[in-house]
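Visitor: Below are the sequence and a predicted model; questions follow.
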Amino acid sequence: MSTGILLTCMLFTAMGASMDLESVPLDWVKVGGEIGRRIDITIYNNTMVMDIDGEFLEPFVKKENVGGGYIGIGKTIDALVRFAKYTNDPKVIERKDHVVKTLLDAQEKDGYIGLFKKSDRVWKLWDIHEIAYIIYGLLMEYRFFKNESALEGARKAGDYLIQNMSPYPGRIPGDGDVCWEMGTTGVETAMLCLYEDTKDPKYLDFVKSYMKLDQWDGPIIKGRWGHIQGHAYAHLKRCMAKMQLNRIETNLDLLKPSRKVLDFILKDNGMVIIGTCGQHECWHDTQEGSANLGETCMTAYLIRWWDECLRETNNSKFGDLMERAIYNALFGAQSLDGRRIRYYTPFEGKRVYFDQDCYCCPCNFRRIIAELPQMIYYTKDNSIYINLFTPSKATLTVDNTPIEIEQETNYPSEGVVKVKINEIPYEKAFPIAFRVPLWCKEVKARINNGDWMVKNDLTGNIWSIENSWEKGSILEINFDMKMRVIRGTQAQAGRVAIMYGPQVFCVSRKANPQLANKDLRLITIDPKSIEGPFPDDTVRKGGLKFTVKGWDTLNWYPLVKYDYENIILTEFPNPDGEMTYLHVINPDDPIIEDDEFWGLSM
């Protein structure tokens with residue numbers, strides 16, 4: 001049975017009213033390594049330096065917009081709230097408080113909290129969408145900081161939407177350019193969160209009676225045409241809202257759309273190698289990697305969705321999917337200094353940065369980065385579960401016992417991870433469990449430099465190690481991390497990509513001046529000549545690169561000497577990266593293997 005089929009069969013069978021794995025409180029975790037660096041530069045080189053007053057808040061104070069427009073202030077509040085909680089930095093908290101107060105002060109008596117003139121409110125694009133995320137952001141302010149005024153503002157905004165949308169069932173926002181699902185993205189989640197925080201049934205009733213969320217079972221529509229019914233991010237957002245509704249009132253039929261998406265991305269070429277989906281914001285299955293591939297909103301929501309699936313099913317394979325997207329599509333969407341963010345992140349051709357700090361993709365990027373600290377560790381019953389491997393510290397509670405745990409590792413550059421118990425009030429027996437990645441064929445573990453325990457049958461599963469732990473105890477894990485040559489499919493047939501652990505590697509002209517004027521699709525490589533990994537700081541300190549030999553595709557390979565003795569491949573987030581799949585001399589070479597996420601072998 002293929003990985004895709006196995007995942008689909010297992011998915012959601014145990015989902016119900018609560019999460020199986022519990023996230024660690026945001027302020028109980030501190031993150032280092034590349035994940036921690038990305039969090040820090042997103043806070044201090046991006047969120048704290050952008051023009052929050054002029055670009056974000058001023059339109060909501062003036063309310064002069066007509067005809068359409070979107071800022072993303074609700075998404076920005078959500079990110080600021082989480083960054084403030086994570087850092088406890090007075091300056092970050094001050095900025096968060098300023099944004100929340102300014103927005104609440106601009107809310108009108110009837111509850112309207114948008115940027116449009118009265119004549120264009122609600123039904124012009126993207127007013128409903130904007131207000132929905134404002135409600136959500138304010139509710140996160142309430143949940144994390146117990147700000148009652150934020151809760152009241154969210155309630156007033158929710159009541160405003162209900163009052164102004166209810167008389168027009170089925171009305172599509174805008175002038176019919178986009179579908180109803182796209183124009184109302186975020187409303188269900190906002191209303192369900194209002195219901196969770198207030199227990200007022202009108203919000204739940206609105207989701208079911210007006211939004212008809214429980215009845216929605218939209219098909220996956222490929223391509224960008226018509227009224228953009230194939231918008232991937234809007235589709236997945238609605239799938240997640242149905243999962244949320246299932247937690248409120250259990251009905252496994254609500255999970256059918258999520259099962260469809262999982263089948264599509266794993267079995268029908270719906271996901272690309274860097275861990276994202278979609279061409280020009282819409283579902284696609286061609287494996288083409290150029291132009292408007294990989295909307296950042298979709299990457300963010302995939303990671304968020306997989307996190308929810310992981311927590312609800314305890315299926316570690318969702319952690320593998322998260323990791324693939326984080327280290328490739330997500331980090332590839334940000335400049336190395338953190339200041340600029342991409343709308344799209346193609347794996348073929350030149351990548352460009354978005355020219356604004358506002359709008360959906362930059363704001364959703366900040367949100368998912370702000371959520372990463374809570375995706376590293378989880379607890380379940382009396383055990384600790386490690387999902388992401390990165391230098392970090394966390395305070396966890398096991399059977400009401402506080403435990404400070406720390407990871408020391410150079411992952412993803414190498415597979416050694418040391419898990420230390422820094423603080424524990426007394427010796428205590430409990431399991432420490434961790435994800436064994438799908439790419440790992442052998443994993444070893446030992447406690448306090450004891451004998452190695454070796455497992456060859458846990459690929460894509462969880463290894464739970466029971467022990468009596470005390471202060472200073474060390475669990476050392478060693479994942480067998482090797483270079484992999486991954487077979488391309490569809491548009492990438494006859495081509496291969498190079499991976500190492502969760503990381504994808506790419507070719508840039510800057511690292512390869514000998515290719516400056518070459519068509520990179522007309523380069524043919526000899527996979528047996530791949531060497532590495534070697535140290536390389538292009539993307540991050542302690543990063544990696546590989547080298548490979550090859551020819552001009554139009555040359556008489558392999559009967560002539562190599563045209564290129566040293567083609568360098570760097571980590572995918574290299575902003576100069578232009579080519580991921582390279583033509584190979586023998587597409588059936590035994591060294592080539594399928595991507596572990598793909599379905600049945602071709």
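Guide: Cool, the structure landed. Predicted model only: the values in this text are computed from it and were never measured.

Visitor: Look up phi and psi at Asp589.
Guide: phi -60, psi 130 (degrees, to the nearest 10).

Visitor: list the contacts for Ile403?
Guide: 384, 395-397, 421, 423-424, 428, 469 (Cβ atoms under 8 Å, 6 or more residues apart in numbering). C-beta: built from backbone N, CA, C; applies to glycine.

Visitor: same question, Ala433
Guide: With Cβ under 8 Å, 6+ apart, Ala433 has these contacts: 380, 383-386, 462-465.

Visitor: For it, give its distance to Ile274.
Guide: Counting by Cβ to Cβ, to the nearest Å, the separation of Ala433 from Ile274 is 28 Å.

Visitor: Got a ChimeraX select line for the buried ones in the contacts of Ile403?
Guide: To isolate the buried members of the contacts of Ile403 in ChimeraX, using 16 or more other Cβ atoms under 10 Å:
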select :384,395,396,421,424,428,469
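
Visitor: Let me have the contacts of Ile403 in CSV, extended by distance to Trp556, secondary structure and pLDDT.
Guide: Output for these, formatted as CSV (distance: Cβ to Cβ, whole Å; DSSP: H, G, I helix; E, B strand; the rest coil; pLDDT from 0 to 100):
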residue, distance to Trp556, secondary structure, pLDDT
Ile384, 58, strand, 97
Thr395, 63, strand, 97
Leu396, 61, strand, 96
Thr397, 66, strand, 94
Ile421, 61, strand, 98
Glu423, 66, strand, 98
Ile424, 66, coil, 97
Lys428, 68, strand, 97
Trp469, 63, strand, 98
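
Visitor: on that earlier part again, nearest to Glu249 among the contacts of Ala433?
Guide: Lys380 (23.7 Å; Cβ to Cβ).

Visitor: pretty sure that closest one contacts Ser23?
Guide: No. Look at Lys380 against Ser23 with Cβ atoms under 8 Å: they stay out of range, at 11.0 Å.

Visitor: Could you measure from the closest residue in space to Glu196 that isn't next to it in sequence over to Trp452?
Guide: Once flanking residues are discounted, Glu196 sits nearest to Ile248: 7.4 Å by Cβ to Cβ, 6 or more residues apart in numbering. Separation of Ile248 from Trp452 (Cβ to Cβ) stands at 46 Å.

Visitor: And the two? Which one has more around it.
Guide: Ile248 (14 against 10; other Cβ atoms under 10 Å).

Visitor: Does that one touch Met191 like I think?
Guide: No. Contact criterion Cβ under 8 Å: Ile248 and Met191 do not qualify, at 11.1 Å.

Visitor: Give the residues shared as contacts by those two.
Guide: Joint contacts of Ile248 and Met191 (Cβ under 8 Å, 6+ apart) are Leu204.

Visitor: Using the record, which stretches count as separate domains in this structure?
Guide: Listed domain ranges for the chain are 3-375, 379-479, 483-593 (source: automatic domain parsing).

Visitor: Report the mean per-residue pLDDT for the longest one.
Guide: Spelled out, that is domain 3-375. Average pLDDT, domain 3-375: 94.

Visitor: Report the distance from that domain to the chain centre.
Guide: Distance of domain 3-375 from its chain centroid, counting by Cα atoms, centre = their mean, to the nearest Å, is 11 Å.

Visitor: Next: the last one.
Guide: Centroid displacement of domain 483-593 relative to its chain, using Cα atoms, centre = their mean, is 26 Å.

Visitor: Endpoints of it, how far apart?
Guide: 11 Å (Cα to Cα, to the nearest Å).

Visitor: try the second one
Guide: Using Cα to Cα, the span of domain 379-479 from its first residue to its last is 22 Å.

Visitor: how about the helices of the stretch 101-250 of the chain, start to end?
Guide: 127-145, 148-165, 180-183, 187-198, 201-209, 232-248 (DSSP state H, counting those that start in this stretch).

Visitor: So which of these is the most surrounded?
Guide: Each of the helices of the stretch 101-250 of the chain was scored by mean neighbour count; the highest is helix 127-145, a mean of 25, by mean count of other Cβ atoms under 10 Å.

Visitor: packing partners for it?
Guide: helix 73-87, helix 90-106, helix 148-165, helix 187-198 (3 or more Cβ pairs under 8 Å, 6 or more residues apart in numbering; DSSP states H and E).

Visitor: 6 Å instead, please
Guide: helix 73-87, helix 148-165, helix 187-198 (3 or more Cβ pairs under 6 Å, 6 or more residues apart in numbering; DSSP states H and E).

Visitor: Thr409 is nearest to which of these?
Guide: helix 73-87 (20.5 Å).

Visitor: Just the CA trace of that closest one, in PDB.
Guide: The C-alpha coordinates for helix 73-87 follow below in PDB (Å, rounded to 0.1, in the frame of the first residue of the first chain):
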ATOM      1  CA  ILE A  73      -5.100  44.000   9.400                       C
ATOM      2  CA  GLY A  74      -6.900  41.000  11.100                       C
ATOM      3  CA  LYS A  75      -4.200  38.600  10.000                       C
ATOM      4  CA  THR A  76      -1.600  41.200  11.200                       C
ATOM      5  CA  ILE A  77      -3.200  41.400  14.600                       C
ATOM      6  CA  ASP A  78      -3.100  37.600  14.900                       C
ATOM      7  CA  ALA A  79       0.600  37.600  14.100                       C
ATOM      8  CA  LEU A  80       1.400  40.500  16.400                       C
ATOM      9  CA  VAL A  81      -0.600  38.800  19.300                       C
ATOM     10  CA  ARG A  82       1.400  35.600  18.900                       C
ATOM     11  CA  PHE A  83       4.800  37.400  18.500                       C
ATOM     12  CA  ALA A  84       4.000  39.500  21.600                       C
ATOM     13  CA  LYS A  85       3.200  36.400  23.600                       C
ATOM     14  CA  TYR A  86       6.200  34.500  22.400                       C
ATOM     15  CA  THR A  87       8.800  37.200  23.000                       C
END
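
Visitor: From the rest of the structure, what touches that helix?
Guide: 26-27, 43, 56, 92-93, 96, 99, 133-134, 136-137, 140-141, 144, 363-364, 366-367, 370, 373 (Cβ atoms under 6 Å, 6 or more residues apart in numbering).

Visitor: could you check the angle helix 90-106 makes with it?
Guide: Using axes from the mean of the first three to the mean of the last three Cα atoms, to 10 degrees, the inter-axis angle of helix 73-87 relative to helix 90-106 is 150 degrees.

Visitor: Do I have it right that Asn246 meets Leu254?
Guide: Yes. Shown here, Asn246 and Leu254 form a contact pair, counting by Cβ atoms under 6 Å, at 4.3 Å.

Visitor: what about the residue nearest to Glu196, distance to Lys109?
Guide: 31 Å.

Visitor: One more: Leu26?
Guide: In this view, Leu26 and Lys109 are 34 Å apart by Cβ to Cβ.

Visitor: okay, these two: which has more neighbours?
Guide: Leu26 (18 against 6).

Visitor: leaving aside the residues next to it on the chain, what's closest to that one?
Guide: Looking at Leu26 with Cβ to Cβ, 6+ apart, the closest residue is Lys85, at 4.7 Å.

Visitor: Could you give the number of residues near the one you found?
Guide: The number of residues near Lys85, taken as other Cβ under 10 Å, comes to 21.

Visitor: Asn422 too?
Guide: So Asn422, with other Cβ under 10 Å, has 14 neighbours.

Visitor: SS state for it?
Guide: strand (DSSP: H, G, I helix; E, B strand; the rest coil).

Visitor: pretty sure it is touching Glu408, no?
Guide: No. Using Cβ under 6 Å, Asn422 is not in contact with Glu408, being 10.8 Å away.

Visitor: Tell me who's in contact with the residue nearest to Leu520 when sequence neighbours are not counted.
Guide: Among residues not flanking Leu520 along the chain, Met579 sits closest, at 4.0 Å (Cβ to Cβ, 6+ apart). By Cβ under 6 Å, 6+ apart, Met579 lies in contact with 348, 507, 520.
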